[in-house]
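> sequence and predicted model, in that order:
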Amino acid sequence: MTLDEMYDEMELYGFDDFEDAQKLTLLNEAYFDIVTREPWPFLEKVTTISVPSGVAQITNNSLVTAELTDVNSVLSFTDDTNNITMMPERADMIEKNYRAADDTGTPSVYYFIADDLFVYPVTSGVTSYRVYYTRIPAAATTTSSTFLIPARHHSIIVYGALVKAFLVNDDPQAAVFQNLFESRYQQMRADVWMNQYDRTERVHIISDWD
């Protein structure tokens, strides 16, 4: 659905007195309510980056070729140059244990400080990394309205916005549309999360890292 189509649908439910800017605000709020509930498959992305020598910060760093600016959570992080699977670590453990040992050489672990991704120790040469991660979704604007939710489920964004619109007017219809929203949410959840029926479920042995 386009933004105009979403606006039109909201108007069908009596919100033609809302300005488009107000509708956009409600649609964005509903969108973020949905995408922040779970690490949805449609948020996943794989990117290969090139990091110069002497760099620790991987995201939001203009020195990195194919700069990463939308990383939310890392699913897999590999060093393609040195054939290393990077292992996750907490930032405080890096400070307490790794830096105390004054480690040098090729990075083997990664960690987050706030929302930024770092490696330890710093890169010792130009390194190619492959990062598989979930994205931070961007708010829709009047000039850019890309919703990461599959188009077939865009109606749930409208339902979420209608709940908020009815609440603004202190209208009891909000409860009705809240139920519609939650029902539609469960339909989307069942559809999005199961995209293959080719194999039976398996029991996997996990490591301490998992």
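Received, thanks.
> tell me which element the closest residue to A91 other than its chain neighbours is part of?
Spatial nearest neighbour of A91, excluding adjacent residues (Cβ to Cβ, 6 or more residues apart in numbering): Y111 at 4.7 Å. Any C-beta I mention is one placed from the backbone N, CA and C, and that applies to glycine too. Take DSSP states H and E as the rule and Y111 turns out to sit in strand 109-113.
> show me what that strand is packed against.
Contact here means 3 or more Cβ pairs under 8 Å, 6 or more residues apart in numbering; DSSP states H and E; on that basis strand 109-113 packs against strand 87-88, helix 91-93, strand 116-120.
> direction included, what does that strand pair against?
Sheet partners assigned to strand 109-113 using DSSP bridges are listed as strand 87-88 (parallel), strand 116-120 (antiparallel).
> mind listing the helices for the protein?
For the chain, the helices defined by DSSP state H occupy 3-12, 20-35, 91-93, 155-168, 173-193.
> which one of those helices lies closest to I49?
Proximity to I49, assessed across the helices of the chain by Cβ to Cβ, is greatest for helix 91-93 (20.6 Å).
> before we move on, back to that, contacts only, for the residue nearest to A91.
Residues in contact with Y111 (Cβ atoms under 8 Å, 6 or more residues apart in numbering) are P88, E89, R90, A91, M93, I94, L117, F118, Y120.
> adding neighbour count, distance to Y129 and pLDDT, write these out as JSON lines.
JSON lines is the format used below for the contacts of Y111 (neighbours: other Cβ atoms under 10 Å; distance: Cβ to Cβ, whole Å; pLDDT from 0 to 100):
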{"residue": "P88", "neighbour count": "11", "distance to Y129": "14", "pLDDT": "96"}
{"residue": "E89", "neighbour count": "18", "distance to Y129": "16", "pLDDT": "95"}
{"residue": "R90", "neighbour count": "12", "distance to Y129": "20", "pLDDT": "95"}
{"residue": "A91", "neighbour count": "13", "distance to Y129": "19", "pLDDT": "94"}
{"residue": "M93", "neighbour count": "13", "distance to Y129": "21", "pLDDT": "92"}
{"residue": "I94", "neighbour count": "20", "distance to Y129": "18", "pLDDT": "91"}
{"residue": "L117", "neighbour count": "22", "distance to Y129": "10", "pLDDT": "97"}
{"residue": "F118", "neighbour count": "20", "distance to Y129": "12", "pLDDT": "97"}
{"residue": "Y120", "neighbour count": "19", "distance to Y129": "14", "pLDDT": "95"}
